[in-house]
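A.B. asks: Got a sequence here, can you build the structure:
(2 chains)
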Amino acid sequence: MLEIRNLAKSFGGVKATNDVTLDFPDGSLTAVIGPNGAGKSTFFNLITGALKPDSGQVLLDGVDLAGRSPPEIVRHGIGRAFQVASIFKSLTVQETMLAAVSADQRSSAVLHKRFPLPETRDRAEHVMELLGLAGKRHRTAATLSHGDQKLLDIALALVLEPKVLLLDEPTAGMGPEERWRMIDKVRELWETQKITVVFIEHDMDIVFKIAPEIIVLCYGRILATGTPAEIRNNSAVIDAYLGTEHAGAAA
Amino acid sequence: MTELEAGRARALVPVSSGAALQRYRDVLIAVIAFAVLASLPLFTGSKALLDFVIRCSAYGLFATSLNLLVGYTGLTSFGHGMFFGLGAYGFGLIMQKLGVPIPVAFVATLAITAVIAAIIGAICVRLKEIYFAFVTLAFQMLIHSTILSWASFTGGDQGLRGGIPRPTFLGINLANHIHLYVASCALLILGLLAMRQIAQSPFGYTLRMIRDNAARASFLGIDVWRAKLTVFVLAALFAAMGGMVMALFVSGAYPEFAYWTISGEAIFINMLGGVSTFLGPMVGTVLLLLLNDTVTRFTEYHGIVLGVVILFFALGLRKGLLDFVAEWFARRRKTGEGR
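C.D. replies: Below you'll find the predicted structure:
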């Protein structure tokens, strides 16, 4: 279980994350929404160690990870993918996966053996199959399509076998059809891998269709949490963010 | 890993035997290369040719070690020559002052280099590109001026004179030109083989990840700082090996070995040969030394000629010679498959 307690971060006078307290039960699928500048990415950066919180706790199964370095937090089981696919452009898909497994098995500093280590094969293979990248294993990451690069980014997080997977806009920069393919993949991963998934998404149709739980952030604060139906009818959310269109659709 | 997974991994060993095969191939190439180089004196009496190979050994080790930083890790050091100088001076001083057997001085020099590289590296590898480049350069200048000003110990601008004693060990007499030649070749081949192993190890791929995207590497649980420091020290060791070969060759050590221009030459070599292949710097070494030797014979303005050649590679080809060849082969293979 991932518990966020009174998390806060300011940049100058701007409170990017303001006293956020949330619970993500094991195996939950949660969408984080909010207008631009609501502090969604900052929230992810605080959890994963890319930024140090000013105060508050990030508890994973009771262990406080707030303020620790990204490598430490990853090792405790919080993996993430990025808004702009963050990959290794000169490595092939397969090399990327094998090297990531090496890092997770703490063999990334091994000097006397040849890459790849046999014990990294299985997991790399499994995740490539899972994300449909096995057919492109020998492609250099830089030559992949935008969508495949995003998948590779997610594969990098997933291959570490995290307990919690944070996806920062998995559908960013994709066309409508590609978006749905991607989000179906995310849902499928959540169902088959039984991990906690939290994702940031802008497309309300996607969010309301697939996320059982939704968190609305606004100016660094939690505006509302709840099921799609509850969020649709929440007057504060409608005023601040949704407008009347989605509310009308719900009614 | 559970027992089940372990069993599966064992079953998969044949799949990755490609890696082991690659290692045997590298060793085989090394053995053949050494055999060819070592038998050269049987076919030619040309002392100049053998000297050329010895100098290639010294510079080749040095330039290839820089490629571990520049090409594999994306750390552009402008001060890598300090370790070449440290190797030459460390080895020369130990031999002159302590009179220990050569292998002892060799290992002791590597140990000293490792300690100094660890200290300098700990300060430098946290810095971003241009700052890393200039702070390494600053350390090089520091070491160079220490050598110049500490004249009672290092000989100052005269260098280590009076020759480096080269007592016979294990039947190897490095005062003998042929022995020195074969030993240099052996050090070159062993050094290259070790660096090749580093480049193709899991650590080598960690370096590539850091070069491509250090932030992402840290989100995979990699301690980027420690990996950079490790490769900084390893590269320094091979640079020092190059310096020791040089010291043995000239039987002395001179402040120029630690001057910033030596770092510049290693960077030129890497630009000439290319950093995308393991042997690029080795090709670059041969090119630069050949150019140097032939051009200086014809004109005193050799700097101009070298400059033009380097500009041609940097602006014209936009890559090193071996990069160019490797790409050409890749293209040809592709069109071959297309047919």
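A.B. asks: Could you use CA atoms for every contact and neighbour count after this?
C.D. replies: Noted.
A.B. asks: which other residues reach the helix or strand where residue A:192 lies?
C.D. replies: Taking DSSP states H and E as the definition, residue A:192 sits inside helix A:176-193. Contacts to helix A:176-193, defined as C-alpha atoms under 8 Å, 6 or more residues apart in numbering or on different chains, come from residues A:27, A:29, A:130-131, A:147, A:170-171, A:196-197, A:206, A:210.
A.B. asks: pLDDT of stretch B:77-95, averaged?
C.D. replies: Average pLDDT, stretch B:77-95: 94.
A.B. asks: That stretch: which residues count as buried?
C.D. replies: Applying a neighbour-count criterion of 16 or more other C-alpha atoms under 10 Å in any protein chain shown, the buried positions in stretch B:77-95 are B:77-95.
A.B. asks: Need the per-residue pLDDT for residue 71.
C.D. replies: By default, I'm working from chain A. According to the prediction, residue A:71 has pLDDT 91.
A.B. asks: hm, I was asking about chain B
C.D. replies: What the model reports for residue B:71 is a pLDDT of 91.
A.B. asks: sec struct for residue A:122, please.
C.D. replies: Under the three-state scheme (DSSP: H, G, I helix; E, B strand; the rest coil), residue A:122 adopts helix.
A.B. asks: Pick out the residue of the stretch 101-250 of chain B closest to chain A.
C.D. replies: Relative to chain A, the nearest point of the stretch 101-250 of chain B is residue B:221 (3.7 Å; C-alpha to the nearest C-alpha).
A.B. asks: is it fair to say that residue lies in a strand?
C.D. replies: No. The assignment for residue B:221 (three-state DSSP) gives coil, which keeps it out of a strand.
A.B. asks: So it sits against residue A:74, correct?
C.D. replies: Yes. Taking C-alpha atoms under 8 Å as the contact criterion, residue B:221 and residue A:74 are neighbours in contact, 5.7 Å apart.
A.B. asks: okay, and the common contacts of those two?
C.D. replies: Contact criterion C-alpha under 8 Å, 6+ apart; residues shared by residue B:221 and residue A:74: none found.
A.B. asks: And the host helix or strand of residue B:93, how far out from the chain middle?
C.D. replies: Counting by DSSP H and E, the element that carries residue B:93 is helix B:81-98. The gap between the average C-alpha position of helix B:81-98 and the chain average comes to 16 Å, counting by C-alpha atoms, centre = their mean, to the nearest Å.
A.B. asks: list the helices and strands it packs on?
C.D. replies: For helix B:81-98, the contact count by 3 or more C-alpha pairs under 8 Å, 6 or more residues apart in numbering or on different chains; DSSP states H and E identifies helix B:102-124, helix B:129-149, helix B:224-250, helix B:260-273 as packing neighbours.
A.B. asks: For chain A, list the residues in contact with chain B, please.
C.D. replies: Proximity of chain A to chain B is confined to A:70-75, A:79-80, A:86-91, A:99-100, A:102-104, A:107-119, A:121-122, A:156-157, A:160 under the rule C-alpha under 8 Å from any C-alpha of the partner chain.
A.B. asks: ok, of the residues you listed, which come out buried?
C.D. replies: So, by 16+ other C-alpha under 10 Å, the buried ones in the residues of chain A next to chain B are A:70-75, A:79-80, A:86-91, A:99-100, A:102-104, A:107-111, A:113-119, A:121-122, A:156-157, A:160.
A.B. asks: Look at residue A:3 and tell me its secondary structure.
C.D. replies: Following three-state DSSP, the label given to residue A:3 is strand.
A.B. asks: returning to what we had before: which ones among the residues of chain A next to chain B are found in helices?
C.D. replies: Using DSSP state H, the members of those that fall within helices are A:70-75, A:99-100, A:102-104, A:121-122, A:156-157.
A.B. asks: Out of those residues, flag the one nearest to chain B.
C.D. replies: For those, the closest approach to chain B (C-alpha to the nearest C-alpha) belongs to residue A:71, at 3.7 Å.
A.B. asks: For the closest one, list the residues it contacts.
C.D. replies: By C-alpha under 8 Å, 6+ apart, the residues touching residue A:71 are B:218-223.
A.B. asks: Write the ChimeraX selection for whichever of these are buried.
C.D. replies: To isolate the buried ones among these in ChimeraX, judged by 16+ other C-alpha under 10 Å, type:
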select /B:218,219,220,221,222,223
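A.B. asks: for the closest residue to residue A:47 other than its chain neighbours, helix, strand, or coil?
C.D. replies: The shortest distance from residue A:47 to any residue that is not its chain neighbour, by C-alpha to C-alpha, 6 or more residues apart in numbering or on different chains, is 6.4 Å, and that residue is residue A:58. Under the three-state scheme (three-state DSSP), residue A:58 adopts strand.
A.B. asks: How about residue A:17?
C.D. replies: Taking three-state DSSP as the rule, one finds residue A:17 in the strand state.
A.B. asks: show me the contacts for it.
C.D. replies: Listed by C-alpha under 8 Å, 6+ apart, the contact partners of residue A:17 are A:7-10, A:39, A:42-43, A:219-221.
A.B. asks: I'd like the distance between it and chain B.
C.D. replies: Taking C-alpha to the nearest C-alpha, to the nearest Å as the measure, residue A:17 and chain B are separated by 22 Å.
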